[in-house]
Structures are given as C-alpha cells and as structure tokens.
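In: Quick one, structure for this:
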Amino acid sequence: MKKVFSKIALFLVAAVFVISSFGVQPVSAASNPFKDVSSSDEEILYLWNKGLINGVDKNSFGPSQSVTREQAATLIGRALGLNGTLRKTSFPDVDPKRYSSGYIQSAYEKGIITGNSNGTFRPQDTMTRGEMAYLLSRAFKYSNTGNVFFTDIQVDTSSTSLYTAVSKLATAGISNGTGTGTYSPSNKLIREEFAIFLARALNSSYRVTYKNVTIDNLRVTVNSLNIRTGPSTGYYALGKLNSGDAFAVYGYKGEWAYGKSGSYTGYVHSDYLAEAVPATASSRYITLDPGHGGHDGGATANGLLEKDINLDVAKRVEAKLKAKGIKVYMTRTTDVFHSLGARVDKGVASGSDTFLSIHTNSAGAHGASGSETYYSASVGSDSKELATFVQNRLYKAMDHPNRGVKNYGFQVLRTNPLPAALVELGFITNTYDASKLGSSTYKDRAATAIAAGIEDYYNWKAKN
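Out: Numbering: from 1, shown residues only. Model prediction:
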C-alpha cells in the first residue's frame, strides 16, 4: 500500500509541474511576474499573457530548465487546440492516465510527432533542438526551404532529413541557430528557447531573418564565371565573376559553393574557387592533391577504395608538413570531385610553388607491387627532383619494391606550370600492398616518408 501511495504522489507532483510550466489559464495582467525574466524577453511574456505558459513556481519561469518530449507535445497541442482528452496512445510507454496522453495521441494522429523505431515515444526524455525542428516544422506545416547552411548539420535535401527540417525553421524566421554558423541539434532544448520558437510561430512580429556566416574566404580562378540562383547549370545566371574576385562561402551543396561576391549572392562551381592567398606567400608552400573523390572513387579492390586512401594519407602529410613549417594547400579536404584541370588551377591560384598528387595504383596482374612516382619532362624543370626525393623515401618506409621514378604525361603534370609530381603509394589490387594501404600504421609511415621527401626537395632547392 505504501508503494502505491508513493507512485500516486509522484504522479501528482509531475502533473503539477507540467501544469504550472505550461498552464492554459488566461492571464489578464500584462505585467511580468517572473524574477528570472526581463521585460525584453517579449516572447515569453507574450505566451504567458496568452495563457499558454506559466512559471515553474509563482515567481520563476526557469528559462534554462530543459523541456521533455511530453511537455513539448503538450504545449504544441494546446497551442494548436488539439484534443487533449486523456486516453490510450499508440505508444506503449505513454500511460493513458498521464496528463500528456491526449495531446501526444492527437499530435501523432496528425503526423506532428513520431516515435522511435522500436515503437516507443520516450515521453520523459529531454527533447533536443534537432527534435524540436522536426516538431515545429510539422506542427505549423512549414514547407519552404532556403539557402540555409549550418556547419554542424550535413546538407541533405531529402524531405525527411534534419537539414530540411532546420532549413524550414530558419526560412520561416523561427530560428537563426546558436551563433557562428551552428545550430547545435544535439543540445537539450530549454524552456526559454522553446518559448521563443513557439512565440515566433504564433506571431510573425517576433520572427527573425536568418543570415548565413562566412565559412571560407576564397577567390575566383577563371574569367566570366557564372554565379547562379541554384546549384547546377540549369539555374538562372545572376551575373559573371572574374579571376581574382573574392568569394565569401556560406556553405556547400555537393560540388557547388553558395556565397557572396560583390553585389551577387548565389552559387558557383567549387572547381573555379581557390584559397585567397596573398601574392607575397612565403616559400615552401606546396599543393597536395588527393586523387579522385566524390562520384569518382578511383580503383577498388580488397575491400579498399582509392579515393579514401588518397585523402587519408594526404591529410596526414599535411599535418606533418605544417609541423615542419611548410605551408600546405589541399585541393580537397572532403569527399568531393574536382576535374583534373580544376586541380591544377586550384594549385596555381593558391600561390603555392610546388604540386604533389597522391594516388593508389592498380593493375590487372595482381602480382604487381610497390610504389612509383611520376613527373613530366615537358614542364617544370625541378619536377624530376621532387619525384625522386619522394620516391626514395617512400618505398623504404613501405617496405615494398621500388618501381622507380618515371616520366609520364598525366594531365595534372603536363599542364602544370609548377614543379609537379604524382606518387602511387602501392597497388590496391595486390593483397600484400593492400594490407598496408588499409593499415593506419603504414598510411602514417607513407605520410611521414612523403613529408620527408618534400622537405628534402625544399632543402635541395634552397641550395640550387
């Protein structure tokens, strides 16, 4: 009997908390009854005066206290005038006698809320900002999305993605993120935030205009580059940019960058952008070009994909070179595709003085093994030396056959005005080489060797 009484008491305490937190009794006075809310917190006072929320006690609103999933569903239900009659729900973990059951079921029936994959709702779990985006975008039927970018949310334009839900809120003027280009979707939702978002949804005078922040400062590498209204050549061209024009990047959709240049704000293809580097860039500045990327995966065998190996090793080389005081420009730092010509253009436009492309070899004959490095004798008088220094370090570190330094007209070499080389780390098609290419230890050894070879080249260059 004592246990039963305790459960009843706990239920009553929870119910009182929620009713006090999200009360619906109309309030006639327009004064501020909360010690922890200032007169400038207009959204909170707006909801209070509408009778949609009250404080956690007589004098406190509790702005930093978290909001549970059932509290959020209840408040949305009351704001929309949904049926709050207590009843059985579609979720086994929601008590039919719970104060929130009616609103949860009504919101579920209207497609405003969904449960977990296991069929539960987790009513007393804290709601996150990401979950709130889904809840509000469905509750108020927002459908428009815009050119909205947050650095902590991956761009995914599918209708059910987090990005789309957040984009709908930002486009509608409900949220502008947490500052400096972030949205913080995993952060717990607090009462102050939810009150502000709900007030903006109910009253357009509280809404905000979302402003993207600059995440990259680049420059255009070609003349007459179209800046478009959307991320493909099918979109209308707003105007043209020319080589050297500054371009502030707000975000990326695939291979297209969205940002501002002069009076234009729109999309340009990232192949024609490069880091904005002063003309007085110091010596010992190399472009590293991780081969392939995006839809071009390169060679694949033994459970490995070339583009991933190339990028992994290139990033390791970058870190080691920077530790040596050698400046590095990367043609790609993520899984994106750039044409061969664009890779060269990016390297030249960056102001770097040397170019190294990193690849992984393959062959029909699975017995082929070892590393080799290429240069083009047609351009770049120091290219052979660069290739030689890198190769002499690499094959020893990888402990496999030395296939030598070779003259070949790869496009990134023969069209490159910089001293340039292309290194093949090993054969992905050879089980012995592949075991090393898939090993973090050997990838780090390869990176150490390549970085040392580049340093050898610069030391030689300084004496000649």
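
In: Just name the shakiest helix or strand of this protein by mean pLDDT.
Out: When the helices and strands of the chain are scored by mean pLDDT, DSSP states H and E, helix 2-21 comes last with a mean of 38.

In: Show me the residue at the heart of this protein, geometrically.
Out: With the centre of the chain defined as its mean C-alpha position, the nearest residue by CA atoms, centre = their mean is Q154, 4.0 Å away.

In: residue ranges of the helices in the stretch 151-300 of the chain, please?
Out: Secondary structure of the stretch 151-300 of the chain (DSSP state H, counting those that start in this stretch): helices at 162-172, 191-202.

In: For those, give me TSV that also has mean neighbour count and distance to N392.
Out: All C-beta atoms are positioned from the backbone trio N, CA, C, and that covers glycine. Shown next, in TSV, are the helices of the stretch 151-300 of the chain (neighbours: other CB atoms under 10 Å; distance: least, CB to CB, whole Å):
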stretch	mean neighbour count	distance to N392
helix 162-172	23	47
helix 191-202	22	59
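
In: how about those, which one is nearest V67?
Out: Comparison of the helices of the stretch 151-300 of the chain against V67 by CB to CB identifies helix 191-202 as nearest, at 5.1 Å.

In: Name the residues that touch the closest one?
Out: The set of residues external to helix 191-202 that reach it, using CB atoms under 8 Å, 6 or more residues apart in numbering, is 21, 41-44, 46-47, 50, 52-53, 56, 61-67, 72, 75-76, 79, 127, 129, 132, 136, 139-140, 169, 172-175, 206-208.

In: Repeat that for stretch 143-156.
Out: With contacts defined as CB under 8 Å, 6+ apart, stretch 143-156 is touched by 157, 162-164, 166-168, 170-172, 177, 181-185, 210, 212, 215, 250-254, 258.

In: 6 Å - rerun?
Out: Taking contacts as CB atoms under 6 Å, 6 or more residues apart in numbering, the residues outside stretch 143-156 that touch it are 163, 166-168, 170-171, 177, 181-183, 210, 212, 250-251, 253, 258.

In: Looking at these, which one is closest to I112?
Out: When the contacts of stretch 143-156 are compared against I112 (criterion: CB to CB), the nearest one is K168, at 13.7 Å.

In: For the closest one, give me its contacts.
Out: Applying CB under 6 Å, 6+ apart, we find K168 in contact with 137, 142, 145.

In: and what of V213?
Out: The neighbourhood of V213, defined by CB under 6 Å, 6+ apart, consists of G181.

In: List phi and psi for it.
Out: phi -110, psi 150 (degrees, to the nearest 10).

In: For D456, which three-state class applies?
Out: Here D456 is helix, with the state taken from DSSP: H, G, I helix; E, B strand; the rest coil.

In: swap that for A314, sorry
Out: helix.

In: ok, it to G291 distance?
Out: Applying CB to CB, to the nearest Å, the value for A314 to G291 is 9 Å.

In: likewise G438?
Out: For G438 relative to G291 (CB to CB), the value is 17 Å.

In: Of these two, which one has the most company?
Out: For G438 versus G291, neighbours defined as other CB atoms under 10 Å are more numerous around G291 (27 against 16).

In: which residues sit in contact with the more buried one?
Out: Counting by CB under 6 Å, 6+ apart, the residues that G291 touches are 310, 357, 359.

In: got it, and F355?
Out: Contacts of F355 were listed using CB under 6 Å, 6+ apart, and they are 287, 347, 416, 418, 420.

In: repeat that with 7 Å
Out: When contacts are counted by CB atoms under 7 Å, 6 or more residues apart in numbering, F355 touches 287, 289, 347, 416, 418, 420.

In: From G84, how far out is the nearest residue to D125 once chain neighbours are set aside?
Out: By the measure of CB to CB, 6 or more residues apart in numbering, the closest residue to D125 outside its immediate chain neighbours is R69, 5.5 Å from it. Counting by CB to CB, the separation of R69 from G84 is 16 Å.

In: which of those two has more neighbours?
Out: Set side by side, R69 and G84 show unequal neighbour counts under other CB under 10 Å, the larger going to R69 at 24 against 18.
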